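Engineer: sequence plus the predicted model coming up.
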Amino acid sequence: MSHKLKSDEPKLRRKVGRQSTYTPERGKRVCVAISNGQSLRDALKAEGIWSGTWYDWIGKHPELDGMYTRARQALGDLLGHDVVATARTATPENANAVRILVDSLKWAACKMAPKQYSDRVELAGSREEPLRVQVEVIGGPSTTPKG
């Protein structure tokens, strides 16, 4: 005889798939490693986390997303400081090699912390003072209202 659920009984569903191994501590360890200069790949490998799993966690845990964003910005700052330190090691003999390394560090810093290190110039107004476009016709017919 089968048991039928009454309409007021809650349906219990078992989760399908593996249980998540996410913990805030694991996420924090990865983010600390990144902010200290380790690559995401190496930080995940040290924790035994697949990259796809990491990105799933970021999508499901807003606090991890925020920590990861801050870790990437910290890494960008670290790389930005490394640019100057590396450039100072240049000699006439190694100038080309140092230039390549400096360019690579600048590129990585721009990707990690674009607000601080990007070359892009962006014009933007604010709510209080939005940007305005003013067109002035020079040498054309007079547009002054006659009154």
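Structural biologist: Arrived safely. Remember, predicted model here, so these are calculated numbers, not experimental data. Numbers count the residues shown, from 1 in each chain.
Engineer: only C-alpha atoms for contact and neighbour calcs from this point on.
Structural biologist: OK.
Engineer: which helices and strands sit right next to the helix or strand where Ala43 lies?
Structural biologist: Per DSSP states H and E: Ala43 is located in helix 40-47. The helices and strands touching helix 40-47, judged by 3 or more C-alpha pairs under 8 Å, 6 or more residues apart in numbering; DSSP states H and E, are helix 24-35, helix 51-60.
Engineer: name the helices or strands packed onto the very next helix or strand once past the shortest one?
Structural biologist: If I follow you right, that is helix 51-60. Sequence order places helix 62-87 as the next helix or strand after helix 51-60, per DSSP H and E. With contacts defined as 3+ C-alpha pairs under 8 Å, 6+ apart, helix 62-87 has these neighbours: helix 24-35, helix 51-60, helix 95-112.
Engineer: got the angle for the second one vs helix 24-35?
Structural biologist: So that's helix 51-60. Orientation check (axes from the mean of the first three to the mean of the last three C-alpha atoms, to 10 degrees): helix 51-60 against helix 24-35 gives 110 degrees.
Engineer: which other helices and strands does helix 51-60 contact?
Structural biologist: helix 40-47, helix 62-87.
Engineer: so who does Lys115 touch?
Structural biologist: Not one residue lies near Lys115 by C-alpha atoms under 8 Å, 6 or more residues apart in numbering.
Engineer: so it is in which element?
Structural biologist: Going by DSSP H and E, Lys115 is in helix 114-117.
Engineer: so which bits of the helix holding Ala43 are buried?
Structural biologist: Leu40, Ala43, Leu44 (16 or more other C-alpha atoms under 10 Å).
Engineer: rebuild those as TSV, extending it with distance to Thr53 and pLDDT.
Structural biologist: Listed next are these as TSV, based on distance: C-alpha to C-alpha, whole Å; pLDDT from 0 to 100:
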residue	distance to Thr53	pLDDT
Leu40	13	95
Ala43	13	97
Leu44	10	97
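Engineer: thinking again about what came up before, winner for burial among the helices and strands packed on helix 51-60?
Structural biologist: Among the helices and strands packed on helix 51-60, helix 62-87 has the highest mean neighbour count (mean count of other C-alpha atoms under 10 Å), at a mean of 18.
Engineer: where in the chain is pLDDT low?
Structural biologist: 1-15, 17, 121-122, 140-147 (pLDDT under 70).
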